[in-house]
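J.: here is a sequence with its predicted model. Questions after.
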Amino acid sequence: MNTTAEIPKENSDFYPADGFPKGLTRKVVESISHIKNEPSWLTEFRLKAFSIYEEKPMPDWGFIPRFNINIDDYVHYVGTNQKKKKSWDEVDPEILRSFEKLGIPEHERKYLAGMETMNDSETIYANVKKELTDLGILFCDIDTAIKEYPEIVRQYLGTVVTIGDNKFSALNSCVFSGGSFAYIPKGVKTPMPLQAYFKVTAASSGQYERTLLIADEDSHLEYSEGCTSVQDKGTNFHTAVVELVAKKNAKIFYTTIQNWKKNMYNWTVKRGICEEAAHITWTDCNIGANTIKYPGIILKGDHSTGDVLSLAFAGGGQVQDTGARIIHVGKNTRSNILAKGVALDGGINSYRGLVKFEPSSKGSYSHIKCDGLMMDNRSQSHAYPYNDVSGEEGTLNYEATVSKIDEDQLFYLQSRGLSEDDSKLLIINGFCEGVTKHLDVEYSVEMTKLIRMILEDGKVISETPAPSFAAKA
C-alpha cells in the first residue's frame with residue numbers, strides 16, 4: 001500500500017505549481033513531491049538526494065568554471081498542474097503550435113508506436129497506441145509510472161545511476177519531474193520506436209526529466225527522444241538522468257537529438273547495464289547548449305555488448321564536452337565507441353572517455369575511435385581518453401584524429417562542379433556519416449537540415465540556399 005509522505009499539508013508550507021521561486025531548498029523539494037502526491041518512499045528518495053546535493057561541491061572542470069554557473073539562479077519547477085492530454089485537440093493552442101513547428105503530431109500519426117511530450121516541468125501529452133497495450137508493453141511518463149507501477153519503479157530507480165554518483169545525479173534525483181518509463185515484457189519487440197519530446201520555454205528555469213527503460217529477457221526496445229528550447233537571452237539549466245536495464249539476451253537502442261539554444265547549460269547522466277548476452281546502443285547527437293555528457297554502459301554479463309555513437313557540434317561561445325564510459329565486467333564482452341566532434345566559429349569540442357576492464361573481464365575487447373574536425377583557426381578540438389585495463393586477457397584499440405577541413409578535398413569537389421558551400425556540406429555530412437547512418441529515416445532527414453543550419457549560423461556557408469546536387473548532375 002502506498003502512503004503519502006508525512007509532511008505538513010497547510011498551503012503555506014508548499015509552493016504552488018506555477019509559483020516556485022529561484023533557488024533550491026528543502027521546501028522546493030517537498031513542494032514538488034506534494035504537487036505530485038507521491039508515496040513516502042519517493043519523498044524520502046528526494047530528500048536524501050537533496051542532502052547529498054548540498055554536501056557535494058560544484059565541479060571545477062567542463063563548462064562550469066568557464067561560465068560561473070550558480071544553480072540558485074534558476075527556478076527548478078515550472079508547471080501549471082494540468083492534467084495530461086491524450087489528443088492533440090485537447091492541448092493548449094499556444095503549446096500545440098510550438099510542437100507543430102517540430103512536426104510532432106505528424107510524426108506520431110505516421111511513425112510512432114507511443115509518445116509522450118514534456119513542456120518545462122510537466123508532461124502535457126501522452127498517448128500509447130493499442131499495439132503496445134496488446135503486447136503488454138508499459139510506456140508512460142515517469143510520474144504516471146510511480147502511481148501505476150510503483151513496484152517496478154521502486155525496484156530499479158537509482159540502481160544504475162545512484163543518487164550519490166555525482167552532484168548532478170543528486171540534483172536530478174531531488175527535483176526530477178517528467179521523463180519516460182517503459183517496460184518491455186519477455187520476448188516482446190517494440191513494433192515501432194517509442195518516442196518522447198522535451199521542450200524548455202520558461203526563462204531562467206531548469207528541466208530535470210528522469211527516464212527509466214527496462215527490457216526484460218529476450219526483448220527488444222527502440223526508443224528515440226528529441227529535445228529543444230525557446231531561443232531567448234536568458235540561460236537555462238538541464239540535467240536529465242537516464243537509466244537503462246537490459247536483461248539476458250535483451251537489446252536496447254536509444255537515440256537522442258538534443259537541439260538546445262546556445263546559451264543553455266546541459267549536464268546529463270545516462271547509463272545502462274547489460275546482463276548476459278544483452279546489448280545497448282546509445283546514439284547521441286548534441287547541438288546547441290554547453291554540454292557535459294558521457295553515455296555509459298556497464299557490461300555486467302558474459303558475452304554482453306555495447307556501442308556508443310556520439311556526434312557533437314560546438315559553435316561560437318560553446319563548450320561541448322562529450323564522450324562515453326564503458327566498464328567491462330563479464331567475460332567475452334565487446335564494446336565500440338565512435339565519437340565525432342565538429343568545432344566552428346571559435347567553439348570548443350572535447351572527447352572525454354573512460355573504458356575500464358575489470359580483472360573478471362577475460363577475453364573482452366573494445367575499439368575506440370574519436371575524430372575532431374575544426375572549421376577555422378579559432379576553434380578547438382581536444383581528446384581526453386582514460387583507458388584502464390586490469391588483467392592480461394583484454395584487448396583495447398584506441399585511435400584519434402584532429403584535423404581542419406581539407407583544402408584538397410574542397411578543391412577536388414569544386415573541380416567536379418560543386419559550389420564551395422555544397423562541397424563543405426558534403427565533407428561535413430561525410431564526416432558525420434558514421435553516426436548519422438544509424439538514425440532512422442526521419443531523424444536522418446532532420447540531422448541533414450540541422451547540419452546546414454549549424455554551418456550557416458557559424459558563417460561556414462552562406463545562408464542563401466545553394467543549388468541542389470541533383471540540379472548539377
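T.: In hand now; what should we look at? Numbering: from 1, shown residues only.

J.: drop to CA atoms for contacts and neighbour counts, all remaining ones
T.: Fine.

J.: look at residue 284 and give its secondary structure.
T.: The three-state label for residue 284, taken from DSSP: H, G, I helix; E, B strand; the rest coil, comes out as strand.

J.: tell me, how many residues neighbour it?
T.: Residue neighbour count, defined by other C-alpha atoms under 10 Å, stands at 25 for residue 284.

J.: so what's it up against?
T.: 255-257, 308-311 (C-alpha atoms under 8 Å, 6 or more residues apart in numbering).

J.: how about those in JSON lines, adding neighbour count, pLDDT and secondary structure?
T.: JSON lines is the format used below for these (neighbours: other C-alpha atoms under 10 Å; pLDDT from 0 to 100; DSSP: H, G, I helix; E, B strand; the rest coil):
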{"residue": "255", "neighbour count": "23", "pLDDT": "91", "secondary structure": "strand"}
{"residue": "256", "neighbour count": "21", "pLDDT": "89", "secondary structure": "strand"}
{"residue": "257", "neighbour count": "21", "pLDDT": "84", "secondary structure": "strand"}
{"residue": "308", "neighbour count": "25", "pLDDT": "97", "secondary structure": "strand"}
{"residue": "309", "neighbour count": "24", "pLDDT": "96", "secondary structure": "strand"}
{"residue": "310", "neighbour count": "27", "pLDDT": "95", "secondary structure": "strand"}
{"residue": "311", "neighbour count": "24", "pLDDT": "94", "secondary structure": "strand"}
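
J.: show me which of those is closest to residue 446.
T.: residue 257 (9.3 Å; C-alpha to C-alpha).

J.: in the helix or strand harbouring residue 455, what counts as buried?
T.: When secondary structure is defined using DSSP states H and E, the element that contains residue 455 is helix 441-457. For helix 441-457, a neighbour-count test (16 or more other C-alpha atoms under 10 Å) marks 443-444, 447, 451-452, 454-457 as buried.

J.: and for stretch 33-41?
T.: When burial is assessed from 16+ other C-alpha under 10 Å, stretch 33-41 yields the following buried residues: 33-34, 36, 38-40.

J.: one step back: farthest-separated two in the contacts of residue 284?
T.: Maximum pairwise distance among the contacts of residue 284 (C-alpha to C-alpha): 13.9 Å, between 257 and 308.

J.: can you give me the helices in this protein?
T.: Across the chain, reading from the start of the chain, the helices by DSSP state H fall at 26-35, 40-55, 64-67, 93-101, 104-111, 130-135, 142-148, 150-156, 167-175, 407-415, 420-436, 441-457, 469-472.

J.: check the average confidence over the fifth one, would you?
T.: The average pLDDT for helix 104-111 rounds to 44.

J.: how about residue 426, what does it touch?
T.: When contacts are counted by C-alpha under 8 Å, 6+ apart, residue 426 touches no other residue.

J.: same thing with residue 164?
T.: Residues touching residue 164, when contacts are defined by C-alpha under 8 Å, 6+ apart, comprise 49, 52-53, 170.

J.: for residue 23, which non-adjacent residue is closest in space?
T.: With C-alpha to C-alpha, 6 or more residues apart in numbering as the criterion, residue 23 has its nearest non-adjacent residue at 3.8 Å, and that residue is residue 72.

J.: distance of the one you found from residue 393?
T.: Residue 72 sits 48 Å away from residue 393, going by C-alpha to C-alpha, to the nearest Å.

J.: returning to what we had before: out of the contacts of residue 284, which is nearest to residue 282?
T.: Distances from residue 282 to the contacts of residue 284, taken as C-alpha to C-alpha, are shortest for residue 308 (4.8 Å).
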